[in-house]
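1. based on what follows, work out the 3D shape:
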Amino acid sequence: MGCSSVSFIWQEVQLGPREQQFVLEGLEQGTKYTVFVMAYKGDHQSRKTGCEMAPPALLSLLPVSFLYPYPADCAQMQQNGNISSGMYTIYLSGNGSRPMQVYCDMTTDGGGWIVFQRRSTGELDFYKRWKNYVEGFGDPTGEFWLGLDQLHNLTSSSPIHYELRVDLRTANESAYAVYDFFQVASSRERYRLSVGNYRGNAGDAMTYHNGWKFTTWDRDNDVALSNCALTHHGAWWYKNCHLANLNGKYGESKHSEGVNWEPWKGHEFSIPFTEMKIRPQSSSNESVLARKKRSLPGKKRKIRF
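-> Residues are numbered from 1 along each chain as shown. Presented below is the predicted three-dimensional model:
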């Protein structure tokens, strides 16, 4: 029988009878930690665990350092040895007191992407007010918008420069657009968009929106005579009005009201899958290096029984 419970000072972790190790994350380099191991069989505490330790057994461990103790983004998380896409805790500007939950895409074009927008089912209504777009909404494992405040914090609060990738899919086609620079300004500037040079096969829809503020149906910051968010059923860095409308009405074929990327599918086709993501500019050149680092031993903290 294996160890079925590991108790920490701040949390308790249940382990199955076949599990032989547990990976601890977020431990600080040079700090000594104490772990108590208890084993149970049914409702009864066993006299001796499968670890050949009489409970409660006291273990002490010294964690091995990560390359980035407080990873600032998914690229640094990847270089710490995390290779699976999913939810992770990163730290704004690498500050351990500023944790943030994000979804990391660890596979697309070498991985290391922070995903900040996804449309895939149409179940979530994206026709929301300014406050919602500032704070974020939805489920990062499904359909969601991370939030303008978080995008500003990620792209404007550190010396790291980020690139943007947009992935678009239909039932049998896919396309992408990459911009070598992406930044969202502060609330005072109404989250003004800055994008760099384009590459990809979806066509360039974002350069048209470069330099423009964000607009929702209740906060008009575009230059059109009417509110673009109202007339095109979305929320975006509208100008007069859009070539991209990825927060538009899902499945809508009316001109300019759906989930549009005009250079790829025009204004009358609503794209069923979209994903927007960012990573440090240099990460595309480091993907091979990151894969090598992930194969090195000793990058994760483990308790072995």
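
2. from here on, contacts and neighbour counts on C-alpha atoms
-> Will do.

3. show me what the lengthiest strand in the chain is packed up against.
-> In the chain, with assignment by DSSP state E, the single longest strand is strand 174-184. Contacts defined by 3 or more CA pairs under 8 Å, 6 or more residues apart in numbering; DSSP states H and E place strand 174-184 against helix 148-156, strand 162-169, strand 193-195, strand 198-200.

4. tell me which of these sits nearest to Cys241.
-> strand 193-195 (14.6 Å; CA to CA).

5. identify each buried residue in that closest one, please.
-> Within strand 193-195, the residues that count as buried by 16 or more other CA atoms under 10 Å are Leu193, Ser194, Val195.

6. before we move on, the earlier item: show residues contacting the longest strand of the chain.
-> Outside strand 174-184, the residues that touch it by CA atoms under 8 Å, 6 or more residues apart in numbering are 148, 151-152, 155-156, 161-169, 191-204, 278, 281.

7. narrow the residues you listed to just the buried residues.
-> The buried subset of the contacts of strand 174-184 - by 16+ other CA under 10 Å - is 148, 151-152, 155-156, 161-168, 191-196, 198, 202-204, 278, 281.

8. check contacts around Phe223.
-> Wrong residue type there; residue 223 is Val, not Phe. By CA under 8 Å, 6+ apart, the neighbours of Val223 are Lys239, Asn240, Cys241.

9. and the second one, how many neighbours?
-> So that's Asn240. 15 (other CA atoms under 10 Å).

10. any idea which helix or strand carries it?
-> Assignment of secondary structure by DSSP states H and E places Asn240 within no helix or strand.

11. how about the contacts made by it?
-> Contacts here follow CA under 8 Å, 6+ apart; on that basis Asn240 touches Asp222, Val223, Ala224, Cys228.

12. pLDDT and distance to Gln101 for those - can I get that in TSV?
-> Below are the contacts of Asn240 laid out as TSV (pLDDT from 0 to 100; distance: CA to CA, whole Å):
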residue	pLDDT	distance to Gln101
Asp222	96	31
Val223	96	35
Ala224	96	36
Cys228	97	31
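
13. out of these, give me the one that has the most neighbours.
-> Counting neighbours by other CA under 10 Å, Cys228 comes out on top of those with 27 neighbours.

14. what does the pLDDT read for the closest residue to Asp167 other than its chain neighbours?
-> Here the nearest residue to Asp167 in space, its sequence neighbours aside, is Tyr176; by CA to CA, 6 or more residues apart in numbering that works out to 4.6 Å. Here the pLDDT value assigned to Tyr176 is 98.

15. now swap in Phe66 and tell me
-> 79.

16. what strand or helix carries it?
-> Residue-wise, Phe66 maps onto no helix or strand under DSSP H and E.

17. wait, it sits on Met77?
-> No. Using CA atoms under 8 Å, Phe66 is not in contact with Met77; the gap is 9.5 Å.

18. and for Thr121, the neighbour number?
-> 12.

19. and stretch 185-198, end to end?
-> Length of stretch 185-198, first residue to last, CA to CA, to the nearest Å: 20 Å.

20. which residues does it contact?
-> 148-149, 152, 156, 164, 177-184, 204, 206-207, 209-214, 221, 237.

21. please redo it, this time with the cut-off set to 7 Å
-> Outside stretch 185-198, the residues that touch it by CA atoms under 7 Å, 6 or more residues apart in numbering are 148, 152, 156, 177-184, 204, 207, 210-214, 237.

22. could you give the average pLDDT over that stretch?
-> Averaging pLDDT along stretch 185-198 yields 98.

23. mind listing the strands for the stretch 201-305 of the chain?
-> Here the stretch 201-305 of the chain has its strands, by DSSP state E, counting those that start in this stretch, at 244-245, 260-261, 273-280, 301-304.

24. possible to save these as CSV with mean pLDDT and distance to Tyr133?
-> CSV is the format used below for the strands of the stretch 201-305 of the chain (pLDDT from 0 to 100; distance: least, CA to CA, whole Å):
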stretch, mean pLDDT, distance to Tyr133
strand 244-245, 98, 14
strand 260-261, 98, 19
strand 273-280, 98, 15
strand 301-304, 42, 37
